[in-house]
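In: build me a structure from this.
(one chain, ligands or ions: 2)
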Amino acid sequence: MINPKSKIQNPKSIVILGSGAWGTTLASLASKNGYDVRLWSRQGSVLLEDILEGAHIVLSAISMKGVASVVAQVQSLPVSPDTIFVTATKGLDPAATSTPSQLWQAAFPTNPVVVLSGPNLSKEIQQGLPAATVVASTDAIAASSVQAVFSSPSFRVYTNADPLGVELGGTLKNVMAIAAGTCDGLQLGTNAKAALLTRGLTEIIRIGNHWGAQTETFYGLSGLGDLLATCNSSLSRNYQVGYFLAQGKTLSEVLAELEGTAEGVNTTSVLIQRANAKGISVPISYQVYRLLQGEITPLSAVEALMLRDSKPE
Ligand SMILES: NC(=O)C1=CN([C@@H]2O[C@H](COP(=O)(O)OP(=O)(O)OC[C@H]3O[C@@H](n4cnc5c(N)ncnc54)[C@H](OP(=O)(O)O)[C@@H]3O)[C@@H](O)[C@H]2O)C=CC1
Ligand SMILES: O=C(CO)COP(=O)(O)O
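Out: Numbers count the residues shown, from 1 in each chain. Ligands and ions are numbered 1, 2, ... in the order given. Now for the predicted structure:
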């Protein structure tokens, strides 16, 4: 349902929370478009309350582990009811099995909330390579406003009215990226990779539908698009986790050497918790879970998937 509650049609002032790889990249895109962009980090000297003053758009690029606490901090401060919140986090909250946009919307029930997600490896975007993304909201005006902030000749932004589907596509593909990295690390070949990604997408859609997202969203940029990008790129931290596990490293060794956040590790646990509670079949995610828990080797995960009971596609 379209719920046009946004009153800001021409935002000028953008605050970006989180100065990691993605927050910095998005700040640069909006700055190049002439917006007044303020980047906040918990390690910086500027107070959150000062930086938020007068913000038309507040975009969170905080990794999942920090989202709930940052939401609570922002909620304790005076924020205009017209401020548009944008979330670019690709994770699931362990405590509530909520998505980041659900956390923001619960804290700010009358503000517009927009999800930004797509096949967006930040290093490529920083190099000015062409890319596309999706901004999704039940508030069409808010989504269009955010589209204008980030659109450029090298960054094509589409709107979408299924924020949950867009958000879950970007989040759940991280589990498959760990599986894909493992597949490549074991040198299982192109057929295996194609089978993995195709069945992985089926699994993502099954979970997404159960959660309330629309099937067609997962065939778009934020679903299939991000699945292809992340599962085929050594730039992806989630892919790297799988790849190095297949090389025989332990998860702690891999995470110690990893540059930035691999959200898929936590997402896998939250997903399995939810799938078990709701009785959803998630065979690939379950093997990723067991691999991350150190319960099985990469090769035995492959064997477990291949030896499942025969079934129709
Ligand atoms: N990098 C990419 O290519 C893309 C990333 N994303 C998603 O964006 C999110 C961020 O990713 P990325 O920027 O790469 O990750 P990074 O690890 O580079 O940055 C994470 C950011 O979150 C901040 N943060 C973490 N915990 C807290 C907290 N408790 N309070 C305040 N700030 C906190 C970090 O602050 P500090 O530096 O102080 O620790 C840092 O600014 C992830 O969900 C990721 O999946 C989405 C698309 C592309
Ligand atoms: O989400 C991403 C690309 O769309 C980034 O992937 P990683 O978090 O695995 O690096």
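
In: buried set for stretch 156-163?
Out: Neighbour-count burial for stretch 156-163, counted by 16 or more other C-beta atoms under 10 Å, picks out 157-163. Backbone N, C-alpha and C define where each C-beta goes, glycine included.

In: shaky segments in the chain?
Out: For the chain, the stretches with pLDDT under 70 are 1-9.

In: strands of the stretch 101-250 of the chain, start to end?
Out: 113-117, 131-136, 155-160 (DSSP state E, counting those that start in this stretch).

In: what does the last one rub up against?
Out: With contact meaning C-beta atoms under 8 Å, 6 or more residues apart in numbering, strand 155-160 is reached by 29, 125, 130-137, 140, 143-144, 146-147, 150-151, 166, 217, 220-222.

In: ok, stretch 179-192 next?
Out: With C-beta under 8 Å, 6+ apart, stretch 179-192 has contacts from 193, 196-197, 200, 230-232, 236, 238-247, 284, 287-288, 291, 298-299, 301-302.

In: restricted to buried residues, select these in PyMOL.
Out: Selection of buried members from the contacts of stretch 179-192 for PyMOL, criterion 16+ other C-beta under 10 Å:
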select buried, resi 193+196+197+200+230+231+232+236+238+239+240+241+242+243+244+245+246+284+287+288+291+298+301+302
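
In: coming back round to it: I'd like to know which of the contacts of strand 155-160 are buried.
Out: Of these, these count as buried by 16+ other C-beta under 10 Å: 29, 125, 131, 133-137, 140, 143-144, 146-147, 150-151, 166, 217, 220-222.

In: how close does A96 get to ligand 1?
Out: 16 Å (C-beta to the nearest ligand atom, to the nearest Å).

In: OK, contacts around G23?
Out: Going by C-beta under 8 Å, 6+ apart, the list of residues near G23 reads 16-17, 39, 59, 61-62, 88.

In: 6 Å - rerun?
Out: Applying C-beta atoms under 6 Å, 6 or more residues apart in numbering, we find G23 in contact with 16, 61.

In: now W22
Out: With C-beta under 6 Å, 6+ apart, W22 has these contacts: 61, 88, 122.

In: need these in CSV with distance to L47 and neighbour count, can you?
Out: Listed next are the contacts of W22 as CSV, based on distance: C-beta to C-beta, whole Å; neighbours: other C-beta atoms under 10 Å:
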residue, distance to L47, neighbour count
A61, 19, 23
A88, 22, 26
S122, 27, 19
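
In: can you narrow those residues to ones near ligand 1?
Out: Among the contacts of W22, the residues within reach of ligand 1 (C-beta under 6 Å from any ligand atom) are 61, 88, 122.

In: near ligand 2, which residues of this structure are found?
Out: Residues of the chain lying near ligand 2 (C-beta under 6 Å from any ligand atom): 90, 119-121, 174, 177, 226, 229-230, 236-238, 263.

In: can we see that at 5 Å?
Out: 120-121, 226, 230, 236-238 (C-beta under 5 Å from any ligand atom).

In: from those residues, which ones fall inside helices?
Out: 226, 230, 237-238 (DSSP state H).

In: make CSV out of those and add distance to ligand 1.
Out: Compiled in CSV, those are given as follows (distance: C-beta to the nearest ligand atom, whole Å):
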residue, distance to ligand 1
D226, 8
T230, 9
R237, 7
N238, 8
